[in-house]
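Undergrad: Could you look at this predicted model? Sequence included:
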Amino acid sequence: MAYYVYLLASKKYGTLYLGVTNDIVRRIHEHKSKVVAGFSKRYSVDTLVWFEIYDDPVTAIEREKELKKWRREWKVRLIEEKNPQWIDLYPHIAS
C-alpha cells in the first residue's frame with residue numbers, strides 16, 4: 001500500500017496545507033468537496049500542488065512531521081522544484 005505526503009494551496013503563493021493519507025484521490029476529493037470541517041475548508045485550500053509517495057506509514061508520517069517544522073519559504077521552494085506553475089495535480093492522479 002502507498003502512503004502520500006501532500007501539500008495543498010489556496011492559490012499560487014497562497015495558504016498552504018500539509019497532510020498525509022493512504023488514499024490521495026479520496027482525500028483530495030474530500031478537500032475539494034469541503035465535506036470535512038477544518039483548516040482546508042475554512043481557508044479554501046484545495047489545490048494539490050505537491051506530493052511524495054512512501055511504502056510505509058511510519059516513513060510518511062515522519063516526513064510530514066519534518067515538513068511541518070519547515071519554514072514557509074522552504075515549502076514554496078519544494079513545490080516550485082517540481083511544479084513551478086502551481087498547477088492542480090489532482091486531475092492527473094484522479095483519472
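TA: Arrived safely, thanks for sending. Residues are numbered from 1 along each chain as shown.
Undergrad: Helices of the chain, residue ranges please.
TA: Ranges of helices in the chain, per DSSP state H, are 24-33, 39-42, 57-68, 72-82, 90-94.
Undergrad: Residue 6 is nearest to which of those helices?
TA: Smallest distance to residue 6 across these (CB to CB): 6.3 Å, for helix 24-33. All C-beta atoms are positioned from the backbone trio N, CA, C, and that covers glycine.
Undergrad: can you pull the buried residues of that closest one?
TA: Neighbour-count burial for helix 24-33, counted by 16 or more other CB atoms under 10 Å, picks out 24, 27, 28, 30, 31, 32.
Undergrad: which residues sit against the worst-scoring helix or strand of the chain on mean pLDDT?
TA: Using mean pLDDT, DSSP states H and E, the weakest-scoring helix or strand in the chain turns out to be helix 39-42, at a mean of 92. Outside helix 39-42, the residues that touch it by CB atoms under 8 Å, 6 or more residues apart in numbering are 8, 17, 31, 34, 45, 46.
Undergrad: again with stretch 44-53
TA: For stretch 44-53, contacts defined as CB under 8 Å, 6+ apart pick out 2-11, 14-17, 24, 28, 31-32, 34, 39-40, 63, 78-79, 82-83, 86-90, 93.
Undergrad: buried ones in that stretch?
TA: 45, 46, 47, 48, 49, 50, 51, 52.
Undergrad: which ones among the residues you listed are found in strands?
TA: Secondary structure from DSSP state E places 47, 48, 49, 50, 51, 52 of the buried residues of stretch 44-53 in strands.
Undergrad: returning to what we had before: which of the helices of the chain sits most buried?
TA: Highest mean neighbour count of those: helix 24-33, a mean of 17 (counted as mean count of other CB atoms under 10 Å).
Undergrad: Please work out the average pLDDT along that one.
TA: Here helix 24-33 scores 97 as its mean pLDDT.
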